[in-house]
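Trainee: model this:
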Amino acid sequence: MYLSGLSEKRAILKAKEYAELFKVIEFEKYHPLELSGGQQQRVAIARALVTEPKIILADEPTGSLDSTAAADIMYAFKFLSDEFKKTIILVTHNPEYDSYATMIVKMMDGQIKSVKDKKIHNISEDEIKNVVQL
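Mentor: The predicted model follows:
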């Protein structure tokens with residue numbers, strides 16, 4: 001954040017905001033080796049998102065988390081999508097996360113098998129392939 005021109009004070013405030021959002025604020029003084037794997041993953045997600053990317057690519061972001069921590073991550077992603085209009089492309093094998101999505105693209109062996117768009121009901125396969133190829 002310093003390299004992007006943020007002041008130290010603003011960078012620290014922003015880091016704390018994301019640490020609170022991802023419920024890792026209590027770990028701010030810990031060394032990574034003092035954290036569990038799940039805690040490290042939650043801190044890594046918060047660190048990646050503090051730069052406020054427009055598109056978030058998340059490949060199994062909850063894979064090594066317990067159900068409570070996983071729910072916290074999914075809630076934070078939903079919050080970022082709803083409140084800050086972030087585009088989140090989430091790869092998961094967990095069908096329970098379908099409820100968080102606005103669009104679900106199911107794939108098997110590299111092929112699109114189905115598309116469910118909760119906002120736009122008339123979407124062509126070509127449009128989906130363009131999104132998937134990004």
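Trainee: Which pLDDT does the model give the spatially closest residue to K86 that is not a sequence neighbour?
Mentor: Among residues not flanking K86 along the chain, L80 sits closest, at 4.4 Å (CB to CB, 6 or more residues apart in numbering). All C-beta spots, glycine's among them, are computed from the backbone N, C-alpha and C. For L80, the pLDDT comes out at 87.
Trainee: Using just helix, strand and coil, how would you label L80?
Mentor: helix (DSSP: H, G, I helix; E, B strand; the rest coil).
Trainee: Give me the neighbour count for it.
Mentor: Counted with other CB atoms under 10 Å, residues neighbouring L80 total 18.
Trainee: One more: the one 5 residues further on?
Mentor: Here the count is done by other CB under 10 Å, and K85 has 8 residues near it.
Trainee: Same question for S36.
Mentor: Using other CB under 10 Å: S36 sits among 13 other residues.
Trainee: Next one: it from L65, what distance?
Mentor: 10 Å (CB to CB, to the nearest Å).
Trainee: so the residue nearest to K86 sits right up against K54, yeah?
Mentor: No - contact criterion CB atoms under 8 Å: L80 and K54 do not qualify, at 10.9 Å.
Trainee: what touches both of those two?
Mentor: Common contacts of L80 and K54 (CB atoms under 8 Å, 6 or more residues apart in numbering): K86.
Trainee: which sections of this structure are below the confidence cut-off?
Mentor: The chain contains residues with pLDDT under 70 at 119-134.
Trainee: If you drop the residues flanking it in sequence, what lies closest to the residue sitting nearest the centre point of it?
Mentor: Centroid check for the chain by CA atoms, centre = their mean gives F77 as the closest residue, at 4.8 Å. Nearest residue to F77, sequence neighbours excluded (CB to CB, 6+ apart): I88, at 5.2 Å.
Trainee: Helix or strand for the one you found, just tell me which one.
Mentor: strand 87-91 (DSSP states H and E).
Trainee: after that strand, next one along is what?
Mentor: strand 103-108.
Trainee: Mind giving me the packing neighbours of that next one?
Mentor: Where contact means 3 or more CB pairs under 8 Å, 6 or more residues apart in numbering; DSSP states H and E, strand 103-108 is packed against strand 111-117, helix 125-133.
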